[in-house]
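Undergrad: please work out how this folds:
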Amino acid sequence: MKSENIFDLLVIGAGPGGYVCAIRAAQLGLKVGIIEKNKRLGGTCLNVGCIPSKALLHSTEVYHQIKVDAQTHGVECEKVSLDLATMMNRKDKVVSQLGKGVQSLVSKKGVKIFEGTAELLDNRKVQVSNGSEIFELEAKEIVLATGSKPIELPNLPFDGKKIISSDQAIALDKIPERLVVVGAGAIGLELGCVWSRLGSEVTILEFLPEICTQLDPEIAKATRKIFEKQGITFQLSTKVETAKVTKKEVSLSITKDNQNSNISADCVLVAVGREPFAKGLGIERLNLAKDEKGRVKVNQDFSTNLDGIRAIGDLIHGP
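TA: Residues are numbered from 1 along each chain as shown. Got it, this is the predicted structure:
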């Protein structure tokens, strides 16, 4: 193998875990390569998660304050209008600018960036495919940092249009009149809030008896009251049974207190959490140990059961 394809460390995945790992290793004098399947570094957080959602939360807060709260402060605003395309364009610019920053940080530290999908051949070699070519890389140590993906429910399969994940919910080209969100965790609440502020009739369905169950019950209840005051409707202790999709809408059959009913929406956002993403990585073939939820097992040093392979981030059990 050519010397330029041999590294001290290879990192697979360039999200917040992967690119920071690569930068730090390079700072310590290692020859480092990083493999990322997307054109832009930064992972879910930068590209379709934390950053774009916060950009939209900020933009919609400004719109909501002008349209709803301004009069309270004696500010009269006539003919307040919304240009959704401009709002989305601003969000994309924020993501792009931060992405360029990450790219610059990684490159300046001498980390070699490879665009493509990675597959483990063994605990030292990785095959990279980018559509136009396939090549192999070798390293003394490999760090898996491939992150996570939205959980897809069997009875609510994603179609990208009527039944969507958070990936699509941050990039809608029109405001849905009715939006049903399945899941009252951080992602569902944030994006429900975004579209509610823009005028959608938002209903959030939650299987558990309260939202944000990781919080103190009193805080969770107070949080829900804030969202309800904004106009969001909650149906708690509610289970989605089936979904019927037509060209115009999605009709959900739901159960609450042993009573069946239906709720319809222009689209349904499924936000019931995220799961490890390791598709095509080849970890099953190498018998890399995983737990019952599909997360890679690691010890206190983030080492797996295979010598030379470590794992970090959403791919492993969190704190």
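Undergrad: was I right to think Val80 contacts Ile66?
TA: Yes - counting by CB atoms under 8 Å, Ile66 is a contact partner of Val80 at 5.6 Å. Just so you know, the C-beta spots here come from the backbone N, C-alpha and C atoms, and that holds for glycine as well.
Undergrad: more crowded one of the two?
TA: Between Val80 and Ile66, counted using other CB atoms under 10 Å, the more crowded position is Ile66 (14 against 10).
Undergrad: before we move on, what SS does that one have?
TA: Here Ile66 is recorded as helix under DSSP: H, G, I helix; E, B strand; the rest coil.
Undergrad: per-residue confidence for it?
TA: Model confidence at Ile66, expressed as pLDDT, equals 94.
Undergrad: now do the contacts for it.
TA: Taking CB atoms under 8 Å, 6 or more residues apart in numbering as the criterion, Ile66 is in contact with 77, 80.
Undergrad: gap between it and Ser59?
TA: Taken as CB to CB, to the nearest Å, the spacing of Ile66 relative to Ser59 amounts to 11 Å.
Undergrad: so how many other residues sit close to Thr146?
TA: The local packing count at Thr146 equals 30, with neighbours defined by other CB under 10 Å.
Undergrad: that one against Ile283, yeah?
TA: No - taking contact to mean CB under 8 Å, the distance of 9.6 Å between Thr146 and Ile283 leaves them out of contact.
Undergrad: list the buried residues of stretch 87-98.
TA: Within stretch 87-98, the residues that count as buried by 16 or more other CB atoms under 10 Å are 87-88, 91, 94-95, 98.
Undergrad: as TSV, those with distance to Glu292 would be great.
TA: Written out in TSV, the entries for those read as follows (distance: CB to CB, whole Å):
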residue	distance to Glu292
Met87	41
Met88	39
Lys91	37
Val94	38
Val95	35
Leu98	35
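Undergrad: take those residues and keep only those in helices.
TA: Among those, DSSP state H puts 87-88, 91, 94-95, 98 in helices.
Undergrad: nearest to Ala278, of those?
TA: Minimum separation from Ala278 among those (CB to CB) is found for Val95, which lies at 24.6 Å.
Undergrad: dump the residue contacts of the closest one.
TA: Contacts for Val95 (CB under 8 Å, 6+ apart) come out as 40, 42, 46-47, 51-52, 55.
Undergrad: likewise for Glu115?
TA: Taking CB under 8 Å, 6+ apart as the contact definition, Glu115 lies against 35-39, 130.
Undergrad: now the two most distant members of those.
TA: Distance extremes for the contacts of Glu115: the farthest pair is Ile35 and Lys39 at 13.0 Å, using CB to CB.
Undergrad: these two: which is more packed in?
TA: Under the criterion of other CB under 10 Å, the comparison of Ile35 against Lys39 puts Ile35 first, with 25 against 9.
Undergrad: quick one, phi psi at that one?
TA: Listed backbone geometry of Ile35 is phi -110, psi 130, with angles given as degrees, to the nearest 10.
Undergrad: list the residues that contact it.
TA: If you count contacts by CB under 8 Å, 6+ apart, Ile35 has them with 10-14, 114-118, 126, 128, 137.
Undergrad: what's the closest of these to Leu208?
TA: Using CB to CB, Gly13 is the member of those that lies nearest Leu208, at 31.0 Å.
Undergrad: Gly188 sits in which helix or strand?
TA: Taking DSSP states H and E as the criterion, the element that holds Gly188 is helix 186-197.
Undergrad: show me what that helix is packed up against.
TA: When contacts are defined as 3 or more CB pairs under 8 Å, 6 or more residues apart in numbering; DSSP states H and E, helix 186-197 packs onto helix 50-64, helix 166-169, strand 178-182, strand 201-205, helix 217-230, strand 267-270.
Undergrad: once you drop chain neighbours, what's closest to Gln127?
TA: Nearest residue to Gln127, sequence neighbours excluded (CB to CB, 6 or more residues apart in numbering): Glu119, at 4.7 Å.
Undergrad: next, that neighbour: secondary structure please.
TA: For Glu119, the reduced secondary structure class is strand; criterion used: three-state DSSP.
Undergrad: before we move on, the earlier item: list buried residues within the contacts of Ile35.
TA: Among the contacts of Ile35, the ones that count as buried by 16+ other CB under 10 Å are 10-14, 114, 116-118, 126, 128, 137.
Undergrad: show me the shaky parts of the stretch 51-200 of the chain.
TA: Scanning the stretch 51-200 of the chain with the threshold set as pLDDT under 70 gives no residue ranges.
Undergrad: next, count neighbours for Gly110.
TA: If you count neighbours by other CB under 10 Å, Gly110 ends up with 14.
Undergrad: in contact with Pro209, which residues?
TA: Going by CB under 8 Å, 6+ apart, Pro209 touches 236-237.
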